[in-house]
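Colleague: fold the stuff below for me.
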Amino acid sequence: MNILSQVYDEILGDEEGTNLYADFINKHRIKGSLLECACGSGDLLALLSQSDDNVTGIDLDEQIIQVAKEKYNLNIRHQNMLNLEGLSQYKTIICVGDSINYLGSIDEVEIFFSEVFSHLEDDGVFIFDIHHLDRLEEFKEEYLEEGFFSLGEYQWSILSVEQQLYHQFVFFIDDNVYIENVIQNVYEPQLITNLLISFDMTFDVYTDFSRKGIHDGEKLFFIVRRQKR
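Modeller: Residues are numbered from 1 along each chain as shown. Sure thing, here's the model as predicted:
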């Protein structure tokens, strides 16, 4: 029973953050077709569709895809972002919300990049974010959040161990306790930039939406451009 997918919006939903993402992406995207990888419950994709309705979303989690389809009339499908077979070519491809950090290794990141670039049009743009290395220091001491949601109570803890963030969600529903664990890998920015260079891509890096370059912060944003082949 995957509780987190069912109550994702209640616990992790962030309207202000979603609006910041939409503004940033609309500033850097290419007008036309857009693919969002790991689209979750569809809130960001819905905002982006207001600027251009030619949008597609994919996610690996079937339950959260169902939630998205119940909320929005959008082209959203169940698909692993490590295999984009059957999808079209896009002017813009995005993968945000630290979704790349859920990939299990830098080898999987390379596979994902290869898939993206095979589906990105000439002069297209790939926009993604990753956790800043500062997050490892931030969560050396365990973070704990407790609260209520529609089904009961929850606890959410985050702890960094070496190059990973360990998230644990504990749900108290009626007389039952459900535990879900999520692991994120925090990658060295140089590993990511080396991969992009190996694909012959040009790119800019921003910290926390607005500061160009790598500074202290929470997230790094990459604006990657494919040149004409």
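
Colleague: identify the residues contacting stretch 107-124?
Modeller: Contacting residues not belonging to stretch 107-124 are listed as 30, 33, 35, 37, 81-84, 87-93, 95, 100, 103, 126, 187, 191-192, 195-196, 199, 201, 225-229 [CB atoms under 8 Å, 6 or more residues apart in numbering]. All C-beta spots, glycine's among them, are computed from the backbone N, C-alpha and C.

Colleague: list only buried entries from these.
Modeller: Neighbour-count burial (16 or more other CB atoms under 10 Å) applied to those gives 30, 33, 35, 37, 81, 84, 87, 90-93, 95, 100, 103, 126, 187, 192, 195-196, 201, 226.

Colleague: can you tell me which of these are in helices?
Modeller: Secondary structure assignment (DSSP state H) places 192, 195, 196 from those within helices.

Colleague: which residues touch the first one?
Modeller: Okay, so that is residue 192. With contacts defined as CB under 8 Å, 6+ apart, the neighbours of residue 192 are 109, 130, 222.

Colleague: the second one is in contact with residue 98, isn't it?
Modeller: Yes. Using CB atoms under 8 Å as the test, residue 130 is close enough to residue 98 to be in contact (6.6 Å).

Colleague: overlap in contacts, those two.
Modeller: Going by CB under 8 Å, 6+ apart, residues that sit against residue 130 and also against residue 98 are residue 219.

Colleague: and the two? Which one has more around it.
Modeller: For the pair residue 130 and residue 98, the greater number of neighbours falls to residue 130 (26 against 18), based on other CB atoms under 10 Å.

Colleague: pLDDT score for the more buried one?
Modeller: Note for residue 130: predicted pLDDT of 98.

Colleague: so which helix or strand takes in the closest residue in space to residue 137 that isn't next to it in sequence?
Modeller: Distances taken as CB to CB, 6 or more residues apart in numbering place residue 160 nearest to residue 137, at 7.6 Å, with adjacent residues excluded. With elements taken from DSSP states H and E, the one containing residue 160 is strand 152-161.

Colleague: residue ranges with poor pLDDT in the protein?
Modeller: Under the criterion pLDDT under 70, the flagged ranges of the chain are 1, 228-229.

Colleague: how is it carved up into domains?
Modeller: Taking automatic domain parsing as the reference, the chain has its domains at 3-131+187-225, 135-184.

Colleague: now, of those, which is deepest in the fold?
Modeller: Among the domains of the chain, judged by mean count of other CB atoms under 10 Å, the one packed with the most neighbours on average is domain 3-131+187-225 (a mean of 17).

Colleague: please state the offset of that domain from the chain centre?
Modeller: Averaging C-alpha positions (CA atoms, centre = their mean, to the nearest Å) puts domain 3-131+187-225 5 Å from its chain's average.

Colleague: any idea how far apart the tips of that domain sit?
Modeller: The stretch domain 3-131+187-225 measures 38 Å between its terminal residues, going by CA to CA, to the nearest Å.

Colleague: returning to that earlier point: identify the residues contacting the strand holding residue 160?
Modeller: Around strand 152-161, the neighbours that count as contacts under CB under 8 Å, 6+ apart are 7, 11, 135-140, 142-148, 165-174, 186.

Colleague: that strand: partners in the sheet, and parallel or antiparallel?
Modeller: strand 143-149 (antiparallel), strand 164-173 (antiparallel) (DSSP bridges).

Colleague: and of those strands, who's closest to residue 61?
Modeller: With CB to CB, the closest approach to residue 61 among these belongs to strand 164-173: 14.1 Å.

Colleague: check the offset of the closest one from the chain's centre.
Modeller: Relative to the centre of its chain, strand 164-173 is centred 18 Å away, using CA atoms, centre = their mean.

Colleague: alright, that wraps it up for me.
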